[in-house]
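Visitor: how does the following fold in three dimensions:
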Amino acid sequence: MHRRRFLALSSGALVGICGCATQDTRPVDTTSDEPTETEEGVIDVLSGNDSGGTDDDDVDDDDDAPDIIVSSHEIVTTEEQYRKSAAVLAELKNVGASPSGGIRVTARFFDDEENPLDVATEYLIGLNPDETWKAYIPYYDDGSHVDSHELEAAFQVEPLPRVPDGIEILESSLDADDEEAELNGRVRNVGEEPFDYLKAEAKFYADETTVLTSNYASTSNLDAESSWPFTVTYLPYDEEWASPITDYELHVVDSPY
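Guide: Down below sits the predicted model:
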């Protein structure tokens with residue numbers, strides 16, 4: 001039987017994804033393609049704050065805050081039948097004392113003359129304390145010319161607040177094998193007003209503390225007393241980086257952002 005975790009969320013967003021500047025969002029400095037190990041044994045520790053919401057001194061004194069670090073990142077290429085694929089593999093960990101909000105990681109790809117080729121971004125709905133995200137950021141074209149990369153990451157400090165009263169999670173179950181996973185569930189609008197938008201967002205686990213990705217399903221105009229069955233899927237990008245899914249965490253959001 002799969003252990004279930006439920007966290008209901010309401011509207012809010014990672015700064016820089018949707019342009020909202022009301023949340024405290026902090027960057028992780030990861031722009032070197034040759035990460036340097038620190039005295040504490042971690043790589044690319046959190047630095048600074050780009051939202052204006054918190055001073056650095058306040059961050060150091062907040063023992064209850066999330067703290068996302070990038071423990072490694074590297075570029076890998078794989079020879080396929082008709083082309084070469086390229087991707088950045090990165091591991092991010094929450095070494096803080098509380099869950100984070102959304103996390104954005106962006107890879108910039110360059111050729112051997114340092115000319116920019118493309119940019120790709122992946123997003124995760126958040127990490128609980130001691131959880132690690134094994135992020136896979138693919139280059140979407142032929143990777144034959146990819147030579148180096150830069151990595152940028154930022155996370156929202158506060159998890160999104162709970163949804164207003166009115167949404168009830170009726171059921172959810174995970175169907176997973178070595179190649180893919182499906183989270184099937186059903187929620188009900190038990191309030192008196194319709195919901196214009198709902199998003200069921202699942203975080204998929206390879207083990208107790210290792211997260212591979214998050215994905216979502218959405219619906220609009222859920223009337224009062226109506227229910228919504230949903231399916232959230234997981235398909236691994238790459239067999240060597242992915243692992244079978246063993247668990248999930250379900251979030252429910254009433255905003256597309």
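Visitor: kindly tell me how buried Asp147 is, as a neighbour count.
Guide: Counted with other C-beta atoms under 10 Å, residues neighbouring Asp147 total 18. The C-beta positions use only the backbone N, C-alpha and C, and glycine is treated the same way.
Visitor: doesn't Phe110 make contact with it?
Guide: Yes - between Asp147 and Phe110 there is a contact under C-beta atoms under 8 Å: 6.2 Å.
Visitor: what is the neighbour count of the closest residue in space to Asn184 that isn't next to it in sequence?
Guide: Spatial nearest neighbour of Asn184, excluding adjacent residues (C-beta to C-beta, 6 or more residues apart in numbering): Thr231 at 5.2 Å. Number of residues near Thr231 (other C-beta under 10 Å) recorded here: 12.
Visitor: ranges for the helices of this protein?
Guide: With DSSP state H as the criterion, the chain has helices at 56-61.
Visitor: tell me which residue lies farthest from the centre of it.
Guide: The outermost residue of the chain, judged against the average C-alpha position, is Glu192 (32.6 Å), by C-alpha atoms, centre = their mean.
Visitor: that one against Asp223, yeah?
Guide: No - counting by C-beta under 8 Å, Glu192 sits too far from Asp223 to count as a contact (10.4 Å).
Visitor: I figured Glu180 hits Tyr234, correct?
Guide: Yes - using C-beta under 8 Å, Glu180 is in contact with Tyr234, at 6.1 Å.
Visitor: more neighbours: which of these two?
Guide: Taking neighbours as other C-beta under 10 Å, Glu180 and Tyr234 compare with Tyr234 leading, 21 against 14.
Visitor: for the more buried one, which non-adjacent residue is closest in space?
Guide: Residue nearest to Tyr234 in three dimensions, not counting chain neighbours: Ala181, with 4.1 Å by C-beta to C-beta, 6+ apart.
Visitor: isn't that neighbour up against Lys203?
Guide: No - in terms of C-beta under 8 Å, Ala181 does not count as a neighbour of Lys203; the distance is 11.6 Å.
Visitor: mutual contacts of these two, please.
Guide: Common contact partners of Ala181 and Lys203 (C-beta atoms under 8 Å, 6 or more residues apart in numbering): Tyr248.
Visitor: circling back: skipping its backbone neighbours, what lies nearest the residue farthest from the centre of the chain in space?
Guide: Distance criterion C-beta to C-beta, 6+ apart; nearest residue to Glu192, sequence neighbours excluded, is Ala224 at 5.4 Å.
Visitor: got phi/psi on that neighbour?
Guide: Here is the backbone geometry of Ala224 (degrees, to the nearest 10): phi -60, psi 140.
Visitor: contacts only, for it.
Guide: By C-beta under 8 Å, 6+ apart, the residues touching Ala224 are Asn189, Gly191, Glu192, Glu193, Pro194.
Visitor: gap between the fourth one and Ser227?
Guide: Separation of Glu193 from Ser227 (C-beta to C-beta, to the nearest Å) stands at 16 Å.
Visitor: which one's more surrounded, those two?
Guide: Between Glu193 and Ser227, counting by other C-beta under 10 Å, Ser227 is the more crowded of the two (14 against 10).
Visitor: what is the residue lying closest to Ser226 once chain neighbours are set aside paired to in the beta sheet?
Guide: Distances taken as C-beta to C-beta, 6+ apart put Asn189 closest to Ser226, at 5.5 Å, once the chain neighbours are dropped. Beta-bridge pairing for Asn189 (DSSP bridges): Ile167.
Visitor: with Ser173 instead?
Guide: Asn184.
Visitor: give me the pLDDT for it.
Guide: On pLDDT, Ser173 comes in at 95.
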